[in-house]
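Asks: sharing a model prediction with you, sequence too.
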Amino acid sequence: MNGYSQARHHSVVVVGGGQAGLSVAHALQKRGVTPVVLEKNRVGYAWDQQRWDSFCLVTPNWQCRLPDFPYDGPDPDGFMVKSEIVAYLQSFAAFVGADVREGVSVERLVHNGTGYRLFTTEGEILADHVVVATGGYHAPRRHLESPRIPSSTLQLDAREYRCSASLPEGPVLVVGSGQSGAQIAEDLFLEGREVHLSVGSAPRSPRRYRGKDTVDWLDRMGYYSMPIGQHPDPRAVRTKTNHYLTGRDGGREIDLRTRALEGMHLHGRLRSITADQIRFGDDLATNLDQADAVYCRIRTSIDNWIAKEGIEAPEEAAYSPCWQPGPGEDPGLDLRSQPLAAVIWCTGYSSDFHWIDVPVFDGSGHPAHDRGMTQSPGLYFLGLPWLHTWGSARFCGVADDAEHLASMITLRLQRRDASQERLECTALLGS
């Protein structure tokens, strides 16, 4: 897939060779349109190089439904580990057979009046249509006072963490309790490390409930295909943290209260940092309660759907918390008496589209679009969280969005060709 032709103009250029970019390339090719795909690194790079060693999917393998390429392995109810995810994506790339040019980075994209000009590490490219399929998680975020952490303490972002053995000996602070933070804290804890976890407002989900994986129930209930316009809070949902649970060990819940009983140190949201001390808020109990409230609401929604559909399913006992934070203010961490070996920042990512010099962004720097279509004709986005549905940025839902964009692009190309043909006919008759 390497190599770079001398051609400088393409009808369609796709930026990003992940599941989104490959999916739209496949959809376009089925319609007779041949795009070129520019991939900054290599296919599967982020899954391979920006995930920890024990990483696995949190959704079952059967939900991996890339277009015309669903999971067909021996364990549909299991959860692919990192190497299997990379292999699946690379196999999909081979199946698609698109012109994927690896190692080509787009440094600037501008509108040139009739189309777009892409300035890349291997020269300039002109395109009538550009699909930006680079995802929405680019720049890791850290607490504003993170530079105050002593230089003797290793600091990593979630995508840099690999395993417990790669860290210096000593206690580790994980900041953030979303999917990455909860799973990394567990990974360290199960390796016998002393772990402190700063718990934020991330919600949690049951793993299995009433005889099925919760993902199975939610998929049947249409949650993954629900358009964002039908969501009760469409403005906020795109920035909400994902529910935490894990596919590890065959798939199970992550109950931080249970981990606290076993010895993990839970704290509230990180409040301040000095050279000698890290202070946490007094919101640990509230944050745990809110996570449990979401957990219980998911169970209730499944109960209601089972009753509505008249489905036979085993009953389960109501959830009861097994641990509560003690009274009093959290004293925080005294870095003089309790030096940390490492701090792992699992505090999310920001979008970084600085290289796109086209006015298609809202006031917060996010692309303004209607199901991936922007107000700049010929410029599209794909693979963003909640681009159209909850599944838009996932293996289960990106195919529908890719089909939609491919149909729009093809229609516009056909209209352009028809218009050009009419002009040529008019010129010929006039001569």
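Replies: Thanks, I have the structure now. Numbers count the residues shown, from 1 in each chain.

Asks: what pLDDT does Ala427 get?
Replies: Per-residue pLDDT puts Ala427 at 55.

Asks: longest strand of this protein?
Replies: In the chain, assigned by DSSP state E, the strand with the most residues is strand 123-132.

Asks: list the contacts for Gly348?
Replies: 137, 140-141, 176, 178, 241 (C-beta atoms under 8 Å, 6 or more residues apart in numbering). For the C-beta atoms, the positions are set from N, CA and C on the backbone; glycine is no exception.

Asks: one step back: show me what secondary structure element comes after the longest strand of the chain.
Replies: For strand 123-132, the following helix or strand on the C-terminal side (DSSP states H and E) is strand 139-140.

Asks: direction included, what does that following strand pair against?
Replies: strand 349-350 (antiparallel) (DSSP bridges).

Asks: each with direction, which strands does the one helix or strand Leu118 maps to pair with?
Replies: Assignment of secondary structure by DSSP H and E places Leu118 within strand 116-120. Paired neighbours of strand 116-120 in the sheet (DSSP bridges): strand 106-111 (antiparallel), strand 123-132 (antiparallel).

Asks: in CSV: the ones you listed, plus mean neighbour count, mean pLDDT and distance to Ser320.
Replies: As requested, the strands paired with strand 116-120 are exported to CSV (neighbours: other C-beta atoms under 10 Å; pLDDT from 0 to 100; distance: least, C-beta to C-beta, whole Å):
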stretch, mean neighbour count, mean pLDDT, distance to Ser320
strand 106-111, 16, 98, 52
strand 123-132, 21, 97, 47
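
Asks: how far off centre is stretch 343-356?
Replies: How far stretch 343-356 lies from its chain's middle: 12 Å, per C-alpha atoms, centre = their mean, to the nearest Å.

Asks: residues in contact with the strand holding Leu118: which ones?
Replies: Strand 116-120 is touched from outside by 13, 15, 38, 104-111, 124-130, 358, 378-379, with contacts defined as C-beta under 8 Å, 6+ apart.

Asks: for the record, mean pLDDT for that strand?
Replies: Rounded mean pLDDT across strand 116-120 is 97.

Asks: what residue spans form the domains of this structure?
Replies: Annotated domains of the chain cover 9-138+351-423, 150-347 [automatic domain parsing].

Asks: from the ones you listed, which stretch is densest packed?
Replies: Mean neighbour count (mean count of other C-beta atoms under 10 Å) peaks for domain 9-138+351-423 among the domains of the chain, with a mean of 19.

Asks: shaky segments in the stretch 1-150 of the chain?
Replies: Within the stretch 1-150 of the chain, the segments meeting pLDDT under 70 span 1-7.

Asks: same thing but 90
Replies: Low-confidence segments of the stretch 1-150 of the chain (pLDDT under 90): 1-8, 113-114.

Asks: which parts of it are strands?
Replies: Taking DSSP state E, counting those that start in this stretch as the test, the strands found in the stretch 1-150 of the chain are 9-15, 36-39, 65-66, 69-70, 99-102, 106-111, 116-120, 123-132, 139-140.

Asks: okay, those in CSV with distance to Leu340 next?
Replies: Listed next are these as CSV, based on distance: least, C-beta to C-beta, whole Å:
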stretch, distance to Leu340
strand 9-15, 39
strand 36-39, 37
strand 65-66, 41
strand 69-70, 44
strand 99-102, 38
strand 106-111, 38
strand 116-120, 42
strand 123-132, 39
strand 139-140, 19
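
Asks: can you tell me the closest non-neighbouring residue to Leu284?
Replies: Excluding its sequence neighbours, the residue lying closest to Leu284 (C-beta to C-beta, 6 or more residues apart in numbering) is Gly268, at 4.0 Å.

Asks: sorry, wrong one. I was asking about Pro70.
Replies: Closest to Pro70 by C-beta to C-beta, 6+ apart is Cys64, at 6.6 Å.

Asks: cool, Ala98 as well?
Replies: Nearest one to Ala98, counting by C-beta to C-beta, 6+ apart, is Ala25 at 4.0 Å.

Asks: ok, now which ones touch the one you found?
Replies: Counted by C-beta under 8 Å, 6+ apart, Ala25 has contacts 14, 35, 37, 96, 98, 100.

Asks: what is the nearest of these to Trp52?
Replies: In terms of C-beta to C-beta, no member of those lies closer to Trp52 than Val100, at 26.5 Å.

Asks: just the pLDDT for Thr300.
Replies: Looking at Thr300, its pLDDT reads 98.

Asks: I'd guess it is in a helix, am I close?
Replies: Yes - per DSSP: H, G, I helix; E, B strand; the rest coil, Thr300 lies within a helix segment.

Asks: how far away is it from Arg210?
Replies: Going from Thr300 to Arg210 by C-beta to C-beta, to the nearest Å gives 11 Å.

Asks: related to what we said a few turns ago, what's next to the longest strand of the chain, contact-wise?
Replies: Contact partners of strand 123-132, identified using C-beta under 8 Å, 6+ apart, comprise 4, 8-16, 21, 24, 35-36, 109, 112, 114-118, 353, 356, 367, 378-382, 405, 409, 412-413, 416.

Asks: coming back round to it: JSON lines please, covering the contacts of Ala25 and showing distance to Arg394.
Replies: JSON lines is the format used below for those (distance: C-beta to C-beta, whole Å):
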{"residue": "Val14", "distance to Arg394": "19"}
{"residue": "Pro35", "distance to Arg394": "22"}
{"residue": "Val37", "distance to Arg394": "20"}
{"residue": "Val96", "distance to Arg394": "18"}
{"residue": "Ala98", "distance to Arg394": "21"}
{"residue": "Val100", "distance to Arg394": "21"}
